[in-house]
Structure formats: C-alpha cells, structure tokens
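Trainee: Let me see the structure of the following:
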Amino acid sequence: MQAAVRKRQSNAPRSSTNPSQPESKPKGSSMKRPQFHFDLWFYLTVQNWILDFGRPIVMLILPLEWFPLNKPSAGDYFHMAYNVITPFLLLKLIERSSRALPRSAVYLSIITLVMGASIHLVGDSINHRLLLSGYQLHLSVRENPIIKDLKPATLIDSFELLYFYDEQLGHLMWYIPFFIILFLYFTGCFTHVKEEKTMPLSGWLLLGPSALYYWYLVTEGQIFQLFLLTFLAMVATVIHQRHKGSVPDANGLFLFASFSVTMFLVAVWVAWLWSDPVLRKKYPGHLYVPEPWSYYTLHVKDSH
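Mentor: A predicted model of the protein is given here:
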C-alpha cells in the first residue's frame, strides 16, 4: 500500500510554484538596451558612395577601350553589385529592429527595389553610351542635337521610352520601396530608456557622409517629393511617440538627423541655382530641384 502511494506521488506533476525551481522567463521579457548599428550604417554609407555615387565617375575615368560600347562598362558592374548588396544590408537592418515589422511589406519592398534598380541599370547603361556620343543631360530628349535629327522620327519615341524607364519608372520602383523600408525601420527605433537619447561619436562621424549621399540621391534621382513625404512622416512619428513617452534611440536619431541635414542641403542647392535659366527650363514647376549631373554637363564639362 505504501509503495503504491509513493508511486502515485512520484508520477504527480510538480507544482510550478516550487521555490527550488527557477521560473522560466517569458519570451521577450528581457529589456535589452538598443545598440547603435555602426557596422550596418558604415557598410551602407560606404557602398552607397562607391557603388552608386562613384558609378558614373568610374565610367568617366577608366579608358573607353577597356569597356567597348557594346559591352557592360565598369559602372554597370558597380550597379550590379549595388543591386545585390543594398537589399542584403537593408534586410540585415530590418532583422535588428527592436519591433516586429510587417514581413509582407518588407518582402514586397525588397522585391520591387531590386526590380526597379535593375530597370535603371539597363537604362542608365545606355544613357552613359549616349553621353559619350554627345548627349547633353541638361536638355530634354527631343532637344538633344544627337537625337532630334534621327531618321525615322519614330526612333525619338524609342529614346523617350528609354528615358521613361530610366529616369521615371526605374527611379520610382527603386526609391519608393527604399524609403518605405527605412521608414518601417525608423518606426521601431523608439525606446523608454533615456540613456539612449544620444548618438555615439561613431554616429556623428557618419552623419555628414550619410546626409551628403542622401542629398545626391534626392537631387539626382529627382525624388524630392518622395523624400519630403518620408521626412514629414518621420516627424509625425517622433511627435506621436513623444506623446506616448518614447524617444528615438541612437539609430533613430542617426536616421532622423541624416534626413534633417539632407533637407538643409537640398534647400541650399535649390537656392544657389534658383535663377539658372537653362536648368529652370529643364526642371519646370514649383518643386524646382536640378540634378547635379545636369549642372555638370552644363557648367563644368565644357569649361575644362
């Protein structure tokens, strides 16, 4: 009888309140302090400067005979590397978000970004060959001397279609998901830990190069409206989170400060070229933001 009682007691489930057994912590209960992702921000900044900004420069520097006009140029290979590395780094950035972000939105944004950047790769490659043949970026397609005398005249329509894929559709499919991903990441960069309100020194060192690249992206990509909407959405998010008692962490401050400095640089750029008659004609409308490479072909290229 006693053996049967002991057996039943041994088979009975142990109480979860047993003080000798440590309680298992609920998943996600640990308050991990957000860290500044210097490695990812550094990699993004460096590859943006080399693979995107440096792409047209390396095409101008390297001898033409190294890359025949019927073959991909050095800039095209830079663009191919950008189309692979940038989505990868953005995905790694999303992985480090302190908040679970909508996966479907992230996946669709990455897929669209790669497709848009690939469309731009083809259009920009052909556009570079046109530049070597005398194409002038500060003029419209039909006003360019090497285009307007083409026969048959329907060829001009084909070049305008190429321009549409390169400078409009490609840019929109590239940059809209790019800024969506950055904004989604920014929404997860808020904390109640007041010690995280300041950026580390490494963040301040990266701030200038990062903001300057975004200035180039906004002006050369002709996406000021998109950038402005993203920046205003970030401002609204900061105000909303402050009412809830949250503040941006170091990563949020870095991204917000980069965009703020970019807005200032764009304003200075527009004010400087506000009265330029040729660029005014090329970029009509209230939101006048000329492209740096158009300024180069107009005022710099022929002056050497």
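Trainee: and stretch 284-293, C-alpha only, in PDB?
Mentor: The C-alpha coordinates for stretch 284-293 follow below in PDB (Å, rounded to 0.1, in the frame of the first residue of the first chain):
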ATOM      1  CA  PRO A 284       9.800  73.400 -64.600                       C
ATOM      2  CA  GLY A 285       7.300  73.500 -61.900                       C
ATOM      3  CA  HIS A 286       7.100  74.700 -58.300                       C
ATOM      4  CA  LEU A 287       9.300  72.000 -56.900                       C
ATOM      5  CA  TYR A 288      12.500  73.000 -58.700                       C
ATOM      6  CA  VAL A 289      15.300  70.600 -57.800                       C
ATOM      7  CA  PRO A 290      18.000  70.400 -60.600                       C
ATOM      8  CA  GLU A 291      20.200  67.300 -61.000                       C
ATOM      9  CA  PRO A 292      23.900  67.600 -60.100                       C
ATOM     10  CA  TRP A 293      25.000  65.800 -63.400                       C
END
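Trainee: got the buried residues for it?
Mentor: Buried residues in stretch 284-293, counted by 16 or more other C-beta atoms under 10 Å: 289, 290, 291, 293. Every C-beta, even on glycine, is put in place using the N, C-alpha and C of the backbone.
Trainee: again, but for stretch 158-167
Mentor: 159, 162, 163, 165, 166, 167.
Trainee: Mind jotting down where the helices sit in the stretch 51-200 of the chain?
Mentor: Using DSSP state H, counting those that start in this stretch, the helices of the stretch 51-200 of the chain run over residues 54-61, 74-95, 103-132, 145-148, 154-163, 170-187.
Trainee: Just checking the distance from the first one to the centre of its chain.
Mentor: In terms of C-alpha atoms, centre = their mean, to the nearest Å, the gap separating the centre of helix 54-61 from the centre of its chain is 20 Å.
Trainee: For it, enumerate the helices and strands it packs against.
Mentor: When contacts are defined as 3 or more C-beta pairs under 8 Å, 6 or more residues apart in numbering; DSSP states H and E, helix 54-61 sits against helix 74-95.
Trainee: Give me the angle between the helix it packs on and helix 170-187.
Mentor: 30 degrees (axes from the mean of the first three to the mean of the last three C-alpha atoms, to 10 degrees).
Trainee: quick thing: my sequence starts at 6, can you match it?
Mentor: Got it, first residue is 6 now, which makes that one helix 79-100.
Trainee: Buried residues in helix 79-100, which are they?
Mentor: Buried, per 16+ other C-beta under 10 Å, within helix 79-100: 79-81, 83-84, 87-88, 90-92, 94-95, 98-99.
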